[in-house]
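Chemist: Predicted model and sequence below, questions to follow.
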Amino acid sequence: MAELHAETVLRVHHWNETLFSFATSRDPAFRFRNGQFTMVGIEADGRPLLRAYSMASANYEEELEFFSIKVPNGPLTSRLKDIKPGDQVYIGRKPTGTLVLDALRPGSRLFLLGTGTGLAPFLSIIKDPETYDQFSQVILMHGCRNIADLAYQETIQSILPGNEWVGPQVRAQLIYVPTVTREPFSTNGRITELLESGAFLEQRGMPKLDVATDRVMLCGSPQFLADMQDFLTGRGFEDGGISNPGHFVIEKAFVEK
Ligand code: A2P
């Protein structure tokens, strides 16, 4: 298991019945780019049981943080949800992924669009000063079924703006749009609907999505990604990767089969 490193669980936070986050120690040799994911898991029946998890912590932070769903009877998450401080988890040594700034062509607005736990990679990206150096405006949209699923609201709205290092950039350049589809909230509707109508951007005095200026990162359920991909390609946006930077990049959120 040379490709795995055992880390210690430091904190666990249960947001609700279906979502939780946990923080672990970090091997100083574990380096990653904000937006990447790695394999994370525990030992089960004598073998490591692993799934892909985006780092929700930034690459300059001492601890690692992950954001997870709890799938009833899910092989990993039904056990992982019971971890406690002091327990060991395995962290893969080879982070990877396409939700990195290098995979996008230069632009002025960056849209970070996530559903459910698809928020995770964007939490590290919005903590990265480089994000704000490369884009004048960063729009983070998080779509969930219910208000209780809108994890990290306090971090994004209150803690990060006060951060000594990135706080000034966050306050000046980050626009956070949480949206809920199954109960009344300040913003209602799927991310796809909100972008399609354009009214939502107009209300904020912002121009419609435009391939000339805008770049997009997507992370969420397969259906969300497929619909967003259609929406973007229909407007002239091209999919990118590190070897061929594009107008948008995609990553599937952790989904347990
Ligand atoms: P909805 O409640 O209308 O299904 P899930 O928990 O199923 O992953 O959904 C998380 C959020 O993503 C929900 O608000 C859900 O809306 C929304 N969603 C699901 N499918 C799509 C899609 N194809 N396009 C845009 N949003 C979607």
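Modeler: That came in fine, so what should we check first?

Chemist: quick one: the helices in the stretch 151-257 of the chain?
Modeler: Using DSSP state H, counting those that start in this stretch, the helices assigned to the stretch 151-257 of the chain run over residues 153-154, 167-173, 191-197, 199-203, 222-233.

Chemist: list the buried ones in the fourth one?
Modeler: For helix 199-203, burial by neighbour count (16 or more other Cβ atoms under 10 Å) applies to Phe200, Leu201. In short, each C-beta sits where N, CA and C put it, glycine included.

Chemist: Summarise which helices and strands that helix is packed against.
Modeler: Helices and strands touching helix 199-203, by 3 or more Cβ pairs under 8 Å, 6 or more residues apart in numbering; DSSP states H and E: there are none.

Chemist: Now tell me what touches it from outside.
Modeler: Taking contacts as Cβ atoms under 8 Å, 6 or more residues apart in numbering, the residues outside helix 199-203 that touch it are Val177, Thr187, Gly189, Leu194, Leu195, Pro207, Lys208, Leu209.

Chemist: Make sure Arg215 is actually in contact with Gly107.
Modeler: Yes: counting by Cβ atoms under 8 Å, Gly107 is a contact partner of Arg215 at 4.0 Å.

Chemist: follow-up on the earlier one: and the contacts of helix 199-203 as a markdown table, adding neighbour count, distance to Val138 and pLDDT?
Modeler: As requested, the contacts of helix 199-203 are exported to a markdown table (neighbours: other Cβ atoms under 10 Å; distance: Cβ to Cβ, whole Å; pLDDT from 0 to 100):
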| residue | neighbour count | distance to Val138 | pLDDT |
| --- | --- | --- | --- |
| Val177 | 18 | 11 | 96 |
| Thr187 | 14 | 17 | 94 |
| Gly189 | 16 | 21 | 96 |
| Leu194 | 19 | 17 | 95 |
| Leu195 | 22 | 15 | 95 |
| Pro207 | 11 | 15 | 92 |
| Lys208 | 14 | 17 | 90 |
| Leu209 | 19 | 14 | 95 |
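
Chemist: what's the farthest-apart pair in the residues you listed?
Modeler: Based on Cβ to Cβ, the longest span within the contacts of helix 199-203 runs between Gly189 and Pro207 and measures 19.4 Å.

Chemist: what's around His14, how many residues?
Modeler: 12 (other Cβ atoms under 10 Å).

Chemist: between Arg215 and Gly107, what contacts are shared?
Modeler: Taking Cβ under 8 Å, 6+ apart as the criterion, Arg215 and Gly107 both touch Phe135, His247.

Chemist: and the chain, which residues reach the ligand?
Modeler: Contact residues of the chain with respect to the ligand, defined by Cβ under 6 Å from any ligand atom, are listed as 115-116, 143-145, 181-182, 190-192, 221, 223-224, 227.

Chemist: closest to Thr8 among those?
Modeler: Gly116 (27.1 Å).

Chemist: Isn't the closest one up against Cys144?
Modeler: Yes: using Cβ under 8 Å, Gly116 is in contact with Cys144, at 6.3 Å.

Chemist: Mind listing the shared neighbours of these two?
Modeler: Counting by Cβ under 8 Å, 6+ apart, no residue touches both Gly116 and Cys144.
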